[in-house]
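Undergrad: Below are the sequence and a predicted model; questions follow.
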Amino acid sequence: MTAELKRSSEGQTLVLTLSNPEHRNALGPEIYTEGIEALSLAERSADIRTVVIVGEGNLFSAGGNLQRLQANRQQPASVQAQSIEALHNWIETIRTFPKPVIAAVEGAAAGAGFSLALACDFVVAADNAVFVMAYSNIALSPDGGASWSLARALPRQLVTELLMCGERVTAQRLHDLGLVNRVTPPGTALSEALTLAARLNERAPNALASIKTLINDAAHTTLVEQLARERDHFVRNLHHVNAGIGISAFLTKTTPRFE
């Protein structure tokens with residue numbers, strides 16, 4: 001059975017399911033390619049306002065397929081480099097995708113699976129979910145943007161612990177650290193993620209796209225530069241039709257329906 005990324009929809013939410021049950025939903029080139037394609041189509045579709053990424057069955061993803069990695073050790077280094085580039089292209093696509101992306105995590109999110117969850121805008125996790133940066137356990141270093149995501153969210157000593165010690169971390173601990181948005185009972189991460197997505201679907205897509213862009217830009221701009229970008233986005237959004245809908249609805253105490 002080959003790895004694949006299944007697609008389905010729940011209202012205005014696209015659900016992408018990591019499916020590789022033989023290898024605990026391990027990631028691979030097929031999934032990376034399908035992920036980029038799915039987001040490209042979703043970006044152009046006015047019918048899709050949010051995306052949820054979930055693992056098939058009772059776990060999110062074990063990360064890399066160790067059998068494939070072992071085989072790649074017998075290949076030129078360029079083979080693994082190309083595979084990681086494909087993963088990184090998908091990670092970058094998620095980060096720059098103009099619509100909210102939510103990870104719904106049950107069971108384990110290990111290695112690149114953890115990196116994938118960190119790349120999303122929101123993380124909803126079952127309270128028995130476990131996260132582990134397992135790279136150092138097998139004498140490897142991280143990929144999928146793990147070092148970037150963690151270093152910008154947590155103190156250096158804690159990032160070092162997570163990456164070097166390779167120990168399992170609970171969903172609750174990550175929630176306490178601010179890396180997980182919602183902790184839910186086992187088996188309900190997807191339903192909670194869809195509930196969150198439905199709330200986001202009711203908001204103006206152009207405003208959410210601006211917010212995501214501004215958050216992404218803030219990591220590498222000065223305050224002066226960021227103030228200018230906030231000004232430009234605010235003015236552009238004020239003159240968008242949705243601002244008229246939103247302001248009028250607020251003043252008349254009615255429910256807005258954004259375009």
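TA: Received it, and whenever you're ready, just let me know what you need. Residues are numbered from 1 along each chain as shown.
Undergrad: what about L163, neighbour count?
TA: 17 (other CB atoms under 10 Å). (Glycine included, C-beta is placed from N, CA and C.)
Undergrad: Need the nearest residue in space to S147, chain neighbours excluded.
TA: L163 (6.7 Å; CB to CB, 6 or more residues apart in numbering).
Undergrad: Helix or strand: which one has the one you found?
TA: Element membership for L163 (DSSP states H and E) is helix 156-165.
Undergrad: which secondary structure elements does that helix contact?
TA: helix 146-153 (3 or more CB pairs under 8 Å, 6 or more residues apart in numbering; DSSP states H and E).
Undergrad: which parts of the helix it packs on are buried?
TA: For helix 146-153, burial by neighbour count (16 or more other CB atoms under 10 Å) applies to A146, S147, W148, S149, L150.
Undergrad: which other residues reach the helix or strand hosting L41?
TA: According to DSSP H and E, L41 maps onto helix 29-44. With contact meaning CB atoms under 8 Å, 6 or more residues apart in numbering, helix 29-44 is reached by 2-5, 7, 14, 16, 18, 20, 48, 51, 83, 86-87, 89-90, 93-94, 97-99.
Undergrad: let's see it at 7 Å
TA: Outside helix 29-44, the residues that touch it by CB atoms under 7 Å, 6 or more residues apart in numbering are 2-5, 7, 14, 16, 18, 48, 51, 83, 86-87, 89-90, 93-94, 97-99.
Undergrad: name the helices or strands packed onto whatever helix or strand comes next after it?
TA: Using DSSP H and E, the helix or strand that follows helix 29-44 in sequence is strand 50-55. Under the contact definition 3 or more CB pairs under 7 Å, 6 or more residues apart in numbering; DSSP states H and E, strand 50-55 sits against strand 13-19, strand 101-105, helix 189-201.
Undergrad: So which bits of stretch 112-127 are buried?
TA: Neighbour-count burial for stretch 112-127 [16+ other CB under 10 Å]: 112-126.
Undergrad: From the chain's centroid, how far away is it?
TA: 6 Å (CA atoms, centre = their mean, to the nearest Å).
Undergrad: Wait, N181 touches D121, no?
TA: No - counting by CB atoms under 7 Å, D121 is not a contact partner of N181; they are 9.0 Å apart.
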